[in-house]
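Participant: Sequence and predicted structure are below.
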Amino acid sequence: MPFIMRASLNMNKLEAGAVDEYLIYLEKERRLSPLTVTNYARDLKLLIREFSECLNDLTAHDIRRLVSGLHAKGLGGNTLSRALSAWRGYFSFLVERKHYKHNPCLGIRPPKKEKRLPKALSPDEVNKLLETEETNEGAMRDQAMFELCYSSGLRLTELTSIKLQELDLNDGTVRVTGKGSKTRIVPVGQKAISAIHRWIALRHGLNKPIQNILFPNKNGDPISPRTIQHRLSQWTKKQGLGQNVHPHMLRHSFASHLLQSSGDLRAVQEMLGHASISTTQVYTHLDWQHLAKIYDKTHPRAKRKNDS
């Protein structure tokens, strides 16, 4: 892995040797993966290509100027964040082992990372995912879990911790404890209520000790988030969806569909348990994508020439 830098960069032997030592340090002492070490080498290349002769004299201003220049050339926030991390680690290594004066990367922040829009299923995909005629214990529990997750927009940890007494199926609500131990009451849809009724009836008939949690595992203990992820992955394949679905995607789908139908961002915020409405606003972008697709398909002046 080491010794990849010298040939491709105009470096003096001293600095080339320092880079090689650092890459060996990452590989042997830090035990980073070969891929991570390769990525760090690539990030160091960006730095040394610009400042090959004067690393010991760099200032925070120089690093900011380099970051700004790379950002202007099209490098994204995620890439620059990783590069800054690599540079910061390299300079810490140089200060500690090569007696460099200081680390010019300390306190430097990368440009804001691009916000990735959460993936959401379409209503038809949700219906295909959740409809099943299986009546065995595992399938009935899983269907109730997934229906409730989508119906009420629950986080995975909220779903696993629900107790029987927190459900009011007559009123169609559930009380959940979210981030920061904050509780909220959210509605439960009719499909989820029906699935939960079927599960509870079966659950009470199980001949094994079960705590008062709504969704136990086969030993009667709270089901783990990892198990739910695995079960949903298997369920998705069985239902023939043709894509990977994770539990948080059901929460995203809940938020997106609710916003598309109501347009009430504040209500969606309350039901998701977001402390700040700015967190919820990401779903307005999903909603805009939905509206833009409708516009492109239906507006007579929106079609491009090669579409006609």
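Facilitator: Yes, it's here. Numbering: from 1, shown residues only.
Participant: residues in contact with Leu214?
Facilitator: Ile162, Lys163, Leu164, Glu166, Leu167, Ile196, Ile200 (C-beta atoms under 8 Å, 6 or more residues apart in numbering). All C-beta spots, glycine's among them, are computed from the backbone N, C-alpha and C.
Participant: Per-residue pLDDT of the fourth one, please?
Facilitator: Read that as Glu166. Looking at Glu166, its pLDDT reads 95.
Participant: In this structure it contacts Val174, no?
Facilitator: Yes. With contact defined as C-beta atoms under 8 Å, Glu166 reaches Val174; the gap is 5.9 Å.
Participant: So for those two, which sits in the more crowded spot?
Facilitator: Val174 (26 against 17; other C-beta atoms under 10 Å).
Participant: immediately after the biggest helix by length in the chain, which helix or strand?
Facilitator: Ordering each helix of the chain by length in residues (DSSP state H) puts helix 77-97 first. For helix 77-97, the following helix or strand on the C-terminal side (DSSP states H and E) is helix 123-130.
Participant: Just the buried residues of whatever helix or strand comes next after that following helix, please?
Facilitator: Along the chain past helix 123-130, the next helix or strand (assigned with DSSP H and E) turns out to be helix 137-152. Under the neighbour-count criterion of 16 or more other C-beta atoms under 10 Å, helix 137-152 has 139-152 buried.
Participant: for stretch 259-268, same thing?
Facilitator: Buried-residue list, stretch 259-268, by 16+ other C-beta under 10 Å: Leu259, Leu265, Val268.
Participant: what's stretch 148-160 in contact with?
Facilitator: 126, 130, 145, 162, 174, 176-179, 186-189, 191-192, 195-196, 213, 215, 222-225, 228-229, 247-248, 250-251, 253-255, 258, 271-273.
Participant: hmm, which of those residues are the buried ones?
Facilitator: 126, 130, 145, 162, 174, 176-178, 186, 188, 191-192, 195-196, 213, 215, 222-223, 228, 247, 250-251, 253-255, 258, 271-273.
Participant: Narrow the contacts of Leu214 to those in strands?
Facilitator: Taking DSSP state E as the definition of strands, the contacts of Leu214 contribute Leu167.
Participant: Would you mind checking which of the contacts of Leu214 is nearest to Asn39?
Facilitator: Ile162 (40.8 Å; C-beta to C-beta).
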